[in-house]
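Trainee: Whatever this is, show me its structure:
(2 chains)
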2 protein chains.
Amino acid sequence: NELTVQEGEILTLTKQNVGSGWVEARNSRGNVGLVPEDYIEVKTILIISFVFDFTSLFRAYCMKLENCSGSRCYSLDGHILSSVYSFDEEWDDDSDDGKSTGGYGGSQVEESGTMQRGGAHSTMKLSLNKFPGFSKTPNPEVYLLTKHISKGDDRLPVYTGEVGPVWLYPQIQLDCVVADPKKGSKMYGLKSYIEYQITPNTTNRPVNHRYKHFDWLYERLVEKFACALPIPCLPDKQVTGRFEEEFIKMRMERLQGWMSRMCRHPVISNSDVFQLFLNYRDEKEWKLGKRKAEKDEIVGVKIFSNIDPELPELDPAQVEQKYEMYSQFTRSMDNSVKELLAVGHLHWKRCTGPLQKEYRQIGKAFQNLSSVFNTSAYPREYTLTEALTATGKTYEEIAEIVAGQPKKDLHFLMETNHEYKGLLGCFPDTIAVHKAAIDKVKEADHLVVMNKISQQDKLIMEKNLSTMSYALQAEMNHFHSNRIYDYNRLLQFYLEEQVKFYETIAEKLKKALGQYTTM
Amino acid sequence: NELTVQEGEILTLTKQNVGSGWVEARNSRGNVGLVPEDYIEVKTILIISFVFDFTSLFRAYCMKLENCSGSRCYSLDGHILSSVYSFDEEWDDDSDDGKSTGGYGGSQVEESGTMQRGGAHSTMKLSLNKFPGFSKTPNPEVYLLTKHISKGDDRLPVYTGEVGPVWLYPQIQLDCVVADPKKGSKMYGLKSYIEYQITPNTTNRPVNHRYKHFDWLYERLVEKFACALPIPCLPDKQVTGRFEEEFIKMRMERLQGWMSRMCRHPVISNSDVFQLFLNYRDEKEWKLGKRKAEKDEIVGVKIFSNIDPELPELDPAQVEQKYEMYSQFTRSMDNSVKELLAVGHLHWKRCTGPLQKEYRQIGKAFQNLSSVFNTSAYPREYTLTEALTATGKTYEEIAEIVAGQPKKDLHFLMETNHEYKGLLGCFPDTIAVHKAAIDKVKEADHLVVMNKISQQDKLIMEKNLSTMSYALQAEMNHFHSNRIYDYNRLLQFYLEEQVKFYETIAEKLKKALGQYTTM
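Mentor: Numbers count the residues shown, from 1 in each chain, chains lettered A, B, ... in the order given. Got it, this is the predicted structure:
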């Protein structure tokens, strides 16, 4: 049932999961048959989009056109497109070869208010997974009604720290370096991909992973932890664009950011699946570990059964109050971060667009005036024309400094806020689980009266709700502590670079000024 | 034949020069009659424009609307409107009370290419005056064919200086201070005007003049000298706008600039009419001097008969070569100055518009983030939120610094170039007289053959052409020397202020940076 295809032929994909690396496709003559998946190259978006999600693709395409303004063409927001690709993990391979122009076009698209917020990717993953009791929001009922005894190894204690309930932090903080992207290939070179080298500080032994492995890890972490911990989505999968090197650099930088954040998290970094990802010794260990992780049963709301707060039980009112506060805070911060991204995006465009152009024009105008002066044949012209030319050149240099500055400082500000936008976009899902639990416990009195649950059940529910709340509190305190560290570092870096920027320009102008004769 | 009018009634002016301060007007009922001129207030432009020049007024009005963008409303180019008013000197009184928002709207209008260049005002004056032999370009024939002996007092010698032919410069350079604008009134307070105090450094005795007196002086200087010296037009007469004080300040500043330039000119500053303007002791002396100046017969091309170059005669080819060079130079500089004004105008708008807004937004975004952080109830928040608020406020301050900067440095750059644009706009008229003389002398051989002039006449023509050329050379050298001085001073001032600007911002950011805790 194979379809004979020729190089350059355009096919319409009709079915993907036919197994063993084959897909079903239709050629232009209407013949349908199987084609080896690795032979297909995703040439245009519209062919694929037609099969899966034409509307959103078309919308995304329109946006791409809108964002192409002037000399700088912004790339399309990655995860709008990636939603098309994420149905089959294998498709991600193609995005390894994807290319992007970088920049913050994505942010702009979202800020325009027509798209979903940053957490859309994770939202989708969460609701697509088949957890016990998961429909739209994972149902905490199963967990709430069970009396748990935390097992030794998987136990996730919550302590009282200086700032309130906290996770157990390891003595030495795990960290890793993502580096050295290498082009690999399979199928005798027919298909290429990028492999990154990840070196943890614990073993100092590098392991190699492709983007699809990161994606696999992400899926496992969402399955296992997302009810208790917001798992930030991976850097967007980019499809369009042309600057391969810049794209790989940007993706690596963002994967590094994502890995560092995961390493910093005491619960995630200590999990088996994460340890496997960083420490596997050979292909066999990796494959075995993979299988084991995929079969893990402590996923979804069950993760709360591992949580062991060594703290007095909270009553439901206290739990609700905390929930309200966190919900409000994360929503406000989400808005604030988006505002900063929007204005940062504007500023980026201003610096690399009109401002650069304007300083160039000022520079040209001074130099032109100097050229005219030079034709006067007046004997006392020289000093002024020389100085005027130097001034003009200085403004041309300033034009380039202004246009180059965003990459030096605004880039980091945008990246950090972009990351936080992603993280904050995951909170609503996690927090919704808590809201559902609170609502269930509120019903408990009524259920007791109706004889649907016993008084004992009610007490167990309240205890379990308290445990959930401690998990959320520990997680929020982890978030706050990281946030303060991150923004402190970010603002310091940004301001340092800004100071340097203004000082450099002042210095250059001073030098230009020195060329004039004092009268 | 008086027309009875009521306060607030709208009249259409039908005739102005009916004498003794009366005008003829038509009321809304169609009755025509005389009205005391001083009772009329020019309420709207359209009423007057209808009578004089509807088309250009309408165009000007459209432009005014186009220029009103955002928060900053640019005033209309003054001399477009003033061309309507300049038919009768008395009308200028009204512009004494005129108000303006300042700014460089005028430049923008002209740069857009639809209006005449800066010298339009002076061009018009020149061609409207009834000089002997003046049609479009003053005809130098009368002068060329006469054998002159320079009279003692009026003699204008041209010497050889270090830079070539130069005027005779006085030992002490005349200068004056225009200051202290005062509201005066006449007709028992029914009509008000602004009077400026002008104090020359020679007598240190102040004299008072209204704008219309400056305009009278300007007219006399044009009549007498414009064939040999470009007389820069007076600052534009502004009619629209609302900020009286700002307008008066701007006009005074420009009158000062104009007077200083006139004082610096050795021929103008030494002329009877200019001396009268600065030194008259009482109303009687002023009136007598006025009458005498208005009757001066050495006007137009006759001024060349006063010029006495103590230098070897130039042959016509040399004269033409000089003419070509000056013509080319002034045209090129005119273009270059306009380019600088255009980009300066853009930059001004950018700084006071989008850039200010953007820095305010950045400031607000940081402060909003700080406010959100403040609601976290996390105990270790304080230092970061304090620092973040300070950073936000710093960017708000930077917004105001950026918006206020053009007034500090760009203003002077624009003013100087605006002045030069006006001056350069007068050169074509002056240079055209020389071109006409060159062409006449080229015809001379032919005229000799035709027996229309004698060989002797031809030699006189060549000698006179040489004299004219020396006058032009002395004038150009005066121009160059002033230009080099002016642009040197201008660029130094501009760059000094720019350095201060960038240093101030760097300093403010450094202070903001200091508020973060180092980790």
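Trainee: Tell me, how many residues neighbour the residue in the stretch 151-300 of chain A that chain B sits nearest to?
Mentor: Closest contact between the stretch 151-300 of chain A and chain B, by Cβ to the nearest Cβ, is at A:Val163 (5.3 Å). Using the backbone N, CA and C atoms, a C-beta is placed for each residue, glycine as well. Residues contacting A:Val163 under the criterion other Cβ atoms under 10 Å in any protein chain shown number 17.
Trainee: for A:Ala512, same thing?
Mentor: A:Ala512 has 25 nearby residues by other Cβ under 10 Å.
Trainee: now swap in A:Glu162 and tell me
Mentor: 8.
Trainee: give the contact list for the closest residue to it other than its chain neighbours.
Mentor: In space, A:Glu162 comes closest to B:Pro379 once its chain neighbours are excluded; the distance is 7.2 Å by Cβ to Cβ, 6 or more residues apart in numbering or on different chains. By Cβ atoms under 8 Å, 6 or more residues apart in numbering or on different chains, B:Pro379 lies in contact with A:Glu162, A:Val163, A:Gly164.
Trainee: coming back round to it: let me know the pLDDT of the residue of the stretch 151-300 of chain A closest to chain B.
Mentor: Note for A:Val163: predicted pLDDT of 91.
Trainee: Am I right that it is in contact with A:Asn477?
Mentor: Yes - counting by Cβ atoms under 8 Å, A:Asn477 is a contact partner of A:Val163 at 5.2 Å.
Trainee: Between the two, which contacts overlap?
Mentor: Common neighbours of A:Val163 and A:Asn477 (Cβ under 8 Å, 6+ apart) are B:Tyr378.
Trainee: just to revisit the earlier point, so which of the contacts of B:Pro379 are in strands?
Mentor: Counting by DSSP state E, the contacts of B:Pro379 place A:Gly164 in strands.
Trainee: Which of the contacts of B:Pro379 sits closest to B:Gln318?
Mentor: B:Gln318 has its nearest neighbour among the contacts of B:Pro379 in A:Val163, at 90.4 Å by Cβ to Cβ.
Trainee: For the stretch 101-250 of chain A, what lies in contact range of chain B?
Mentor: Residues of the stretch 101-250 of chain A found near chain B (Cβ under 8 Å from any Cβ of the partner chain) are A:Glu162, A:Val163, A:Gly164.
Trainee: Now do the same contact list for the nearest residue to the last one once chain neighbours are set aside.
Mentor: Okay, so that is A:Gly164. Spatial nearest neighbour of A:Gly164, chain neighbours left out: A:Asn477 (5.6 Å); criterion: Cβ to Cβ, 6+ apart. Contact partners of A:Asn477, counting by Cβ under 8 Å, 6+ apart, are A:Gly161, A:Val163, A:Gly164, A:Pro165, A:Val166, B:Tyr378.
Trainee: and the second one, what are its phi and psi?
Mentor: With angles defined as degrees, to the nearest 10, A:Val163 sits at phi -100, psi 0.
Trainee: any idea how far A:Glu475 is from it?
Mentor: 13 Å (Cβ to Cβ, to the nearest Å).
Trainee: where in the stretch 101-250 of chain A is pLDDT low?
Mentor: Where the stretch 101-250 of chain A drops to pLDDT under 70, the residues are A:101-137, A:149-151, A:187-190, A:237-243.
Trainee: And the strands in it?
Mentor: In the stretch 101-250 of chain A, the strands defined using DSSP state E, counting those that start in this stretch lie at A:156-161, A:164-167, A:176-186, A:191-200, A:207-210.
Trainee: so A:Cys227 touches A:Val433, yeah?
Mentor: Yes - if you go by Cβ under 8 Å, A:Cys227 and A:Val433 touch, sitting 4.7 Å apart.
Trainee: okay, and the common contacts of those two?
Mentor: With Cβ under 8 Å, 6+ apart as the test, A:Cys227 and A:Val433 both reach A:Pro138, A:Pro140, A:Val301.
Trainee: Most tightly packed of the strands of the stretch 101-250 of chain A?
Mentor: strand A:164-167 (a mean of 21; mean count of other Cβ atoms under 10 Å in any protein chain shown).
Trainee: Domain ranges for chain A, per the record?
Mentor: A:1-43, A:137-154+A:314-518, A:164-297 (the TED database).
Trainee: nearest to B:Gly19, of the ones you listed?
Mentor: When these are compared for distance to B:Gly19 using Cβ to Cβ, the nearest one is domain A:137-154+A:314-518, at 50.1 Å.
Trainee: How far off centre is stretch A:213-229?
Mentor: 14 Å (Cα atoms, centre = their mean, to the nearest Å).
Trainee: Just the CA atoms of it, as CSV, please.
Mentor: Extracted in CSV, the C-alpha atoms of stretch A:213-229 (Å, rounded to 0.1, in the frame of the first residue of the first chain):
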residue,chain,number,x,y,z
HIS,A,213,13.6,14.7,24.2
PHE,A,214,13.1,18.0,26.0
ASP,A,215,9.5,17.8,24.9
TRP,A,216,9.2,14.3,26.2
LEU,A,217,10.5,15.4,29.6
TYR,A,218,8.2,18.3,29.6
GLU,A,219,5.2,16.0,29.0
ARG,A,220,6.2,13.7,31.8
LEU,A,221,6.7,16.6,34.2
VAL,A,222,3.2,18.0,33.3
GLU,A,223,1.6,14.6,33.8
LYS,A,224,3.3,14.0,37.1
PHE,A,225,3.4,17.5,38.7
ALA,A,226,1.2,20.0,36.9
CYS,A,227,-1.6,19.7,39.5
ALA,A,228,0.8,20.9,42.2
LEU,A,229,3.5,22.8,40.3
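Trainee: rewinding a little: more neighbours: A:Cys227 and A:Val433, which one.
Mentor: A direct count of neighbours by other Cβ under 10 Å for A:Cys227 and A:Val433 places A:Cys227 higher, at 30 against 24.
Trainee: how about the nearest residue to the residue sitting nearest the centre point of chain A, chain neighbours excluded?
Mentor: Residue closest to the mean C-alpha point of chain A, counted by Cα atoms, centre = their mean, is A:Pro235 at 3.8 Å. Nearest residue to A:Pro235, sequence neighbours excluded (Cβ to Cβ, 6+ apart): A:Arg254, at 3.4 Å.
Trainee: can you list the contacts of A:Asn477 in TSV and add distance to A:Thr203?
Mentor: Formatted as TSV, the contacts of A:Asn477 follow (distance: Cβ to Cβ, whole Å):
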residue	distance to A:Thr203
A:Gly161	29
A:Val163	31
A:Gly164	33
A:Pro165	31
A:Val166	27
B:Tyr378	34
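Trainee: For chain A, which helix or strand comes out least confident on mean pLDDT?
Mentor: strand A:72-73 (a mean of 24; mean pLDDT, DSSP states H and E).
Trainee: A:Asp457: neighbour count?
Mentor: Neighbour number of A:Asp457 under other Cβ under 10 Å is 17.
Trainee: Determine the number of other residues adjacent to the residue nearest to it when sequence neighbours are not counted.
Mentor: Leaving aside its chain neighbours, A:Asp457 sits nearest to A:Leu145 (6.0 Å; criterion: Cβ to Cβ, 6+ apart). When neighbours are defined as other Cβ under 10 Å, A:Leu145 has 15 of them.
Trainee: Is A:Leu145 in contact with A:Gln456, as I believe?
Mentor: No - using Cβ under 8 Å, A:Leu145 is not in contact with A:Gln456, being 10.4 Å away.
Trainee: ok, back up a step: now do the contacts for the residue nearest to A:Pro235.
Mentor: With Cβ under 8 Å, 6+ apart, A:Arg254 has these contacts: A:Pro235, A:Glu415, A:Glu419.
Trainee: okay, it: pLDDT?
Mentor: Value for A:Arg254, per-residue pLDDT: 91.
Trainee: Pretty sure it sits in a helix.
Mentor: Yes - according to DSSP: H, G, I helix; E, B strand; the rest coil, A:Arg254 belongs to a helix.
Trainee: For it, give its distance to A:Ala179.
Mentor: 14 Å.
Trainee: now A:Tyr193
Mentor: From A:Tyr193 to A:Ala179 the distance is 17 Å (Cβ to Cβ).
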